[in-house]
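>>> fold the following and give me the result.
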Amino acid sequence: MIYTQLQLFFIFLINGLLIGLLFDFFRISRKAVKTADFITYVEDALFWILTGFIILYSIFTYNNGEIRLFMFLAVILGVLIYLMFISKMILNISLSIINVIKKIFSIVFNIIKIPFQFFMKLIKKLFLNPISFIIINIRNYFTKYFKNFSNTLKKVKISNKFVKNTKN
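Okay, the predicted model is just below:
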């Protein structure tokens, strides 16, 4: 009987360690990637759902659904042991690995970006600059044409007024 309860205590102590690890997983994800408040709320809800699932699964699997106070004490003790002795090391190692991966991705992205930038400059020189040149020249031509046309209309109006005045 005591042996079985001692086994249960260690099983729930391990559950506490797993819950601490799960907690750190969400902390690491928040430190690695800046998220909106809504995403944080969703992550918190997901954490509690998973925590409840872990505990309920263990209660039904290892103790036939019987709840004992020492189980919850073991879970709390497991979480505390994890947070006091293991968490800092896991956080530091994980964040270091994530930062190295981010730097590697940044370098790879910058290397991959160079041919695309060259290709875009080439397209701009070969296609966009000539098209832009043509459009600017057409615009300038029509601007001059409409300006001349407008001046001509003004002259015609003035001459019509002059003709009307002379007829009277």
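>>> give me the distance from the strand or helix carrying Leu56 to the chain's centre.
Counting by DSSP states H and E, the element that carries Leu56 is helix 37-63. Distance of helix 37-63 from its chain centroid, counting by CA atoms, centre = their mean, to the nearest Å, is 24 Å.
>>> remind me what it packs against, helices and strands.
Under the contact definition 3 or more CB pairs under 8 Å, 6 or more residues apart in numbering; DSSP states H and E, helix 37-63 sits against helix 2-32, helix 69-81. Where C-beta positions appear, they are placed from N, C-alpha and C, glycine not excepted.
>>> quickly, which of those bottoms out on average pLDDT?
Ranked by mean pLDDT, the helices and strands packed on helix 37-63 end with helix 2-32 in last place, scoring a mean of 93.
>>> return the set of buried residues in that one.
For helix 2-32, the neighbour count (16 or more other CB atoms under 10 Å) marks 8-9, 11-13, 15-20, 22-24, 27-28 as buried.
>>> which other helices and strands contact that helix?
Using 3+ CB pairs under 8 Å, 6+ apart: helix 2-32 touches helix 37-63, helix 69-81, helix 87-123.
>>> among those helices, which is the most enclosed?
helix 69-81 (a mean of 17; mean count of other CB atoms under 10 Å).
>>> what are the contacting residues of that one?
Helix 69-81 is contacted from outside by 5, 8-20, 23, 55, 58-59, 63, using CB atoms under 8 Å, 6 or more residues apart in numbering.
>>> now do stretch 11-25
With CB under 8 Å, 6+ apart as the test, stretch 11-25 has contacts from 47, 50-51, 54-55, 58, 62, 70-72, 74-83, 86-87, 90-91, 94.
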